[in-house]
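S.K.: Fold the following and give me the result.
(one chain, ligands or ions: 1)
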Amino acid sequence: MRKGLFITFEGLDGTGKTTQIMELEKKLQQLNLSYITTREPGGTPIAEKIREIILDPENTEMSSQTEALLYAASRAQHVSETISPALQNNQVVICDRYFDSTLAYQGYARELTLEALYQMNEFAMQGIKPDLTFLLDTDTQAASGRMHDKQMDRLDLEADFFKKRVRAGFLKIADFEKERIKVINAALSVEQIHEAVWDYTKEALQNKGLV
Ligand code: TYD
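M.R.: So this is what the prediction gives:
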């Protein structure tokens, strides 16, 4: 059995995932635990190139099917080159987004069939599933309000109703997998959210015998 711990952060853009990842990194450093932080789409040079194609605002003709396949292609490379070797090496892997984003964005929001998404991603993920997932949840207005100072990519430019479907999708996924996915109210303070994240992470590390 692989020993490392695979943690993912999910949620709409602007829910504070990056801040929480940084807070978690600080804790792991204090404990001298070996970890890597990575993200999707991207996380390896090849996957970052795929990311550029996916997010380029000029690619307005991209079909939903192409989009889903590109996310899966990026994920396949990321799993092979980064995530799987780190887990084999007993490291903690923190990943900003993973397959739950595909289910929420391409499945619930773009309305591709979940079955097709599961199939292509089972092939891409090669059996590597997160041990623990944090879903930072807030309403779409609050999330959009925190994005004003960034350059908008192709998916950021989607309308509010699209984001509402993404949010509802994430909550449904979390409902199916209560054990793995912890829903946290992203409107809480950074400290409060971090406390919740750390409580669950500590327990998972203990269960894996990593602390
Ligand atoms: P992210 O890197 O979180 O965006 P940003 O740099 O804008 O904060 O993710 C890029 C976008 O890709 C984001 O809008 C969510 C979307 N996405 C999917 O639609 N499906 C997926 O499988 C993944 C991983 C991301």
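S.K.: Dump stretch 182-197 to PDB, restricted to CA.
M.R.: Provided in PDB are the C-alpha atoms of stretch 182-197 (Å, rounded to 0.1, in the frame of the first residue of the first chain):
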ATOM      1  CA  LYS A 182     -14.900  18.000   4.000                       C
ATOM      2  CA  VAL A 183     -17.000  21.000   3.200                       C
ATOM      3  CA  ILE A 184     -15.700  24.100   4.800                       C
ATOM      4  CA  ASN A 185     -17.500  27.500   4.800                       C
ATOM      5  CA  ALA A 186     -15.100  29.800   2.900                       C
ATOM      6  CA  ALA A 187     -16.700  32.800   4.500                       C
ATOM      7  CA  LEU A 188     -15.100  31.900   7.800                       C
ATOM      8  CA  SER A 189     -11.800  33.600   8.800                       C
ATOM      9  CA  VAL A 190      -8.500  32.300   7.400                       C
ATOM     10  CA  GLU A 191      -7.600  31.100  11.000                       C
ATOM     11  CA  GLN A 192     -10.900  29.300  11.500                       C
ATOM     12  CA  ILE A 193     -10.600  27.500   8.100                       C
ATOM     13  CA  HIS A 194      -7.000  26.600   8.700                       C
ATOM     14  CA  GLU A 195      -8.000  25.100  12.100                       C
ATOM     15  CA  ALA A 196     -10.600  22.900  10.500                       C
ATOM     16  CA  VAL A 197      -8.100  21.900   7.700                       C
END
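S.K.: Now it: buried residues?
M.R.: 182-184, 186, 193-194, 196-197 (16 or more other CB atoms under 10 Å). The C-beta positions use only the backbone N, C-alpha and C, and glycine is treated the same way.
S.K.: okay, those residues in TSV with distance to G4 next?
M.R.: Output for the buried residues of stretch 182-197, formatted as TSV (distance: CB to CB, whole Å):
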residue	distance to G4
K182	19
V183	24
I184	23
A186	27
I193	24
H194	22
A196	22
V197	18
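S.K.: Max pairwise distance over these: which two?
M.R.: V183 and H194 (15.6 Å; CB to CB).
S.K.: out of the buried residues of stretch 182-197, which are inside strands?
M.R.: Secondary structure defined by DSSP state E assigns 182-184 of the buried residues of stretch 182-197 to strands.
S.K.: Nearest to the ligand, out of those: which one, please.
M.R.: Set against the ligand, the nearest of those by CB to the nearest ligand atom is I184 (16.7 Å).
S.K.: So which residues on the chain come close to the ligand?
M.R.: 13, 39-41, 55, 71, 96-97, 101-102, 105-106, 153, 155-156 (CB under 6 Å from any ligand atom).
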